[in-house]
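S.K.: starting from these lines, generate the structure:
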Amino acid sequence: MPISGEEYRDLVICNSCQWAASLLRGSAGYTACPVCGNNALDTIPVGDHEAYTMMIKNRNVEIEFRKD
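M.R.: Presented below is the predicted three-dimensional model:
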């Protein structure tokens, strides 16, 4: 059970067009990409007090995670 003030979120990335979103866990989420319609989405859990930076270049995605 989450402690008040903790954040529980997921990073969702489309494998086709590299669309991405940060979603609160437990939200409705996506079954398909809202941009291209592809249903091949990857979900990466992001921990409490964890941040990430994304760089997309030439269809390559680089994600750097760090603790706040």
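S.K.: ok, now which ones touch residue 38?
M.R.: 14-17, 32 (C-beta atoms under 8 Å, 6 or more residues apart in numbering). Glycine gets a C-beta too; all of them are placed from N, C-alpha and C.
S.K.: any quick ChimeraX command for the buried ones out of these?
M.R.: To isolate the buried ones among the contacts of residue 38 in ChimeraX, judged by 16 or more other C-beta atoms under 10 Å, type:
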select :14
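S.K.: out of the contacts of residue 38, which comes closest to residue 49?
M.R.: Lowest distance from residue 49 to the contacts of residue 38 (C-beta to C-beta) belongs to residue 14, with 26.5 Å.
S.K.: Three-state assignment for the most centrally placed residue in the chain, please.
M.R.: Nearest to the geometric centre of the chain sits residue 11, at 1.1 Å (C-alpha atoms, centre = their mean). Three-state assignment for residue 11 (DSSP: H, G, I helix; E, B strand; the rest coil): strand.
S.K.: doesn't residue 25 make contact with it?
M.R.: No - if you go by C-beta atoms under 8 Å, residue 11 and residue 25 don't touch, sitting 11.1 Å apart.
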